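Student: Predicted coordinates and the sequence they were generated for:
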Amino acid sequence: MIDAIDFQLIAAVQAGLPIAARPYAAIAAQLALSEREVIDRLLSLKAQGLIKRWGVVVKHRQLGYRANAMIVMDIPDERVAALGRQISQLSFVNLCYQRPRQGETWPYNLYCMIHGKSRERVMQQWAALQQSCGLTGVAFEVLFSRRCFKQRGALYRQAGQPQLEASHG
Amino acid sequence: MDDTDKLIINQLQKGFPICESPYRQVAEHIGIAEDELLNRLQTLLDDGVLSRFGPMYHAEQMGGALTLAALKVPEERFDEVAEIVNGFQEVAHNYARNHTLNMWFVLATERPEQVESVIEQIERQAGLTVYNMPKIREYYVGLQLEA
């Protein structure tokens, strides 16, 4: 379980790790901990799954990924789990989620994101996905993002507001 | 951005070491000096290609909640409604998409019960129905974009 020091540590690293030879020592100095303790606590938070991923966060639009599609599918409930796992194996798929349908307005229950540098490429990848996963005849829609109004990691404040994967655009 | 920068970005998306000299370890792996790595990283951060190093927290395990929600916004009201939605600090992302459900946003709250209250406030202020689509199951959590 996590304690008050873990929460301080989580708050201290949320804005990012210092670009310096001993970054964890710099964090430790801020919190009056030892470097070893910071490292051990972060490893433990990662092992517990509270930290999902520890790495670099890229701004995908800056890397040229401007054709970003959210593809939604209407999949028979009994096929969702197997298909979700299959789709998530494809290297060009960034996320795959099951979400609830919303009646006639929105009959879709499986979502995946493909980030691409061109719409043509994304549509080729989608066609390949449909073929390899046996999705012919499955109702779907491809929603490209038009404008990004807001994109940030939610800031962790006191007790648990998370840093998001910047992946819905 | 040159090939070395691309190598750095691709390598660091796979993860970053948690040890005493993590940058040295990454630099050795890539085959450059630690100083060069630090300089290049600082430039990539300053240029806004990278947003930061660090943790992606697991929202639910941290006691919080995440949801994806959508609105059908009349075209002429788009900017006004975007301003209302973006005004909520719980809104982390907001995108226009090409569909009758044309505005999609992610809510991140500190407590699960806050999701409903933020949605109610957005509905009241915008005068529109919010379609809430919380995650039932996640099949993949990685996000790697080749530089």
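Tutor: Happy to help now that I have it.
Student: quick one: contacts for residue A:10?
Tutor: Neighbour list for residue A:10: A:2, A:45, A:50, A:156, B:55, B:57, B:62 [criterion: Cβ atoms under 8 Å, 6 or more residues apart in numbering or on different chains]. No exception for glycine: its C-beta is placed from N, CA and C like everyone else's.
Student: Next step: those residues restricted to strands.
Tutor: Among those, DSSP state E puts B:55, B:57 in strands.
Student: May I see the contacts of residue A:10 arranged in a markdown table, with pLDDT, distance to residue B:107 and neighbour count as well?
Tutor: Compiled in a markdown table, those are given as follows (pLDDT from 0 to 100; distance: Cβ to Cβ, whole Å; neighbours: other Cβ atoms under 10 Å in any protein chain shown):
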| residue | pLDDT | distance to residue B:107 | neighbour count |
| --- | --- | --- | --- |
| A:2 | 80 | 23 | 17 |
| A:45 | 92 | 24 | 23 |
| A:50 | 86 | 20 | 21 |
| A:156 | 47 | 15 | 23 |
| B:55 | 82 | 20 | 27 |
| B:57 | 78 | 15 | 27 |
| B:62 | 77 | 15 | 21 |
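Student: Nearest to residue B:14 among the contacts of residue A:10?
Tutor: The closest of the contacts of residue A:10 to residue B:14 turns out to be residue B:55 (Cβ to Cβ; 15.1 Å).
Student: Most proximal residue of chain B with respect to chain A?
Tutor: Closest approach between chain B and chain A, counting by Cβ to the nearest Cβ: residue B:52, at 3.1 Å.
Student: got the contact list for the residue in chain A positioned nearest to chain B?
Tutor: Relative to chain B, the nearest point of chain A is residue A:16 (3.1 Å; Cβ to the nearest Cβ). Residue A:16 is in contact with B:51-54, counting by Cβ under 8 Å, 6+ apart.
Student: again with residue A:55
Tutor: If you count contacts by Cβ under 8 Å, 6+ apart, residue A:55 has them with B:12-16, B:53.
Student: farthest-separated two in the residues you listed?
Tutor: The largest separation in those, counting by Cβ to Cβ, is between B:14 and B:53 at 12.7 Å.
Student: between those two, which one's more packed in?
Tutor: Taking neighbours as other Cβ atoms under 10 Å in any protein chain shown, residue B:14 and residue B:53 compare with residue B:53 leading, 22 against 11.
Student: May I have the beta-bridge partners of that one?
Tutor: With DSSP bridges applied, residue B:53 shows beta-bridge pairing to residue A:56.
Student: cool, residue A:97 as well?
Tutor: Note on residue A:97: beta-bridge partners by DSSP bridges are residue A:111, residue B:138.
Student: now do the one 5 residues further on
Tutor: Taking DSSP bridges, one finds residue A:106 as the beta-bridge partners of residue A:102.
Student: what's the burial count for it?
Tutor: Neighbouring residues of residue A:102 were enumerated by other Cβ under 10 Å; the total is 16.
Student: Next one: it, what pLDDT does it get?
Tutor: Here, the pLDDT recorded for residue A:102 equals 91.
Student: any idea how far residue A:111 is from it?
Tutor: 13 Å (Cβ to Cβ, to the nearest Å).
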